[in-house]
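> Could you look at this predicted model? Sequence included:
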Amino acid sequence: MVVKLSRLKANKVFIENLRWDVTPKFLFKPRFIRGPEDCHLTEEIQGFMFYIERFDKETPPALMIMKTYHLRSKTVGQIADVPEDLLLNAVGKEGVKDVAGMYPIDEALEAWLKAGLGLGP
């Protein structure tokens, strides 16, 4: 599903469960639930996160939304109106690596998203 940022801004469930602290690297960190005392591990990543999808340099990057719930995750959408230069800068930064074709968003892209979602200056 391709969505505009303005549509997400109006979705209270999305906004309330948006995770800025979850990155692809953190998402794929091994978590082992052996008993009730380990249940807090599922909450570390639960919610919605943004990531940049790009498999190779010929493929334009895309800003995606992933939903994670009880250690299961699914890409649920793509943001249609993000400036491509923000995506290219984020994936092209020195030292930034992908995890299975997924790149983290950077500070500039996060600021643009927060502004568009009405969550920041």
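Yes, it's here.

> what does the host helix or strand of residue 65 rub up against?
Assigned by DSSP states H and E, residue 65 falls within strand 62-69. Applying CB atoms under 8 Å, 6 or more residues apart in numbering, the contact partners of strand 62-69 are 3, 8, 22, 27, 45-54, 73-79, 82, 87, 102, 105, 109. Any C-beta I mention is one placed from the backbone N, CA and C, and that applies to glycine too.

> Just the buried ones out of these, please.
Listed as buried from the contacts of strand 62-69 are 3, 8, 22, 27, 45-54, 73, 77, 79, 82, 87, 102, 105, 109; burial here means 16 or more other CB atoms under 10 Å.

> ok so, going back, which of the contacts of strand 62-69 fall within strands?
Residues of the contacts of strand 62-69 located in strands (DSSP state E): 3, 47-53, 73-79, 102.

> residue ranges with poor pLDDT in the protein?
26-45, 121 (pLDDT under 70).

> buried ones in stretch 58-75?
So for stretch 58-75, counting by 16+ other CB under 10 Å, buried means 61, 62, 63, 64, 65, 66, 67, 68, 73.

> mind saving the C-alpha coords of that stretch as CSV?
Extracted as CSV, the C-alpha positions of stretch 58-75 are listed here (Å, rounded to 0.1, in the frame of the first residue of the first chain):
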residue,chain,number,x,y,z
GLU,A,58,20.3,0.7,-9.7
THR,A,59,17.1,0.5,-7.6
PRO,A,60,15.8,3.8,-6.3
PRO,A,61,15.4,3.8,-2.5
ALA,A,62,12.0,3.7,-1.0
LEU,A,63,10.7,4.7,2.4
MET,A,64,8.8,1.8,3.9
ILE,A,65,6.7,1.2,7.0
MET,A,66,7.1,-2.0,9.0
LYS,A,67,4.7,-3.3,11.7
THR,A,68,6.1,-5.6,14.4
TYR,A,69,3.9,-7.4,16.9
HIS,A,70,5.0,-10.4,19.1
LEU,A,71,8.3,-10.9,17.2
ARG,A,72,6.5,-11.0,13.8
SER,A,73,7.0,-8.3,11.3
LYS,A,74,5.5,-7.2,8.1
THR,A,75,6.0,-4.4,5.7
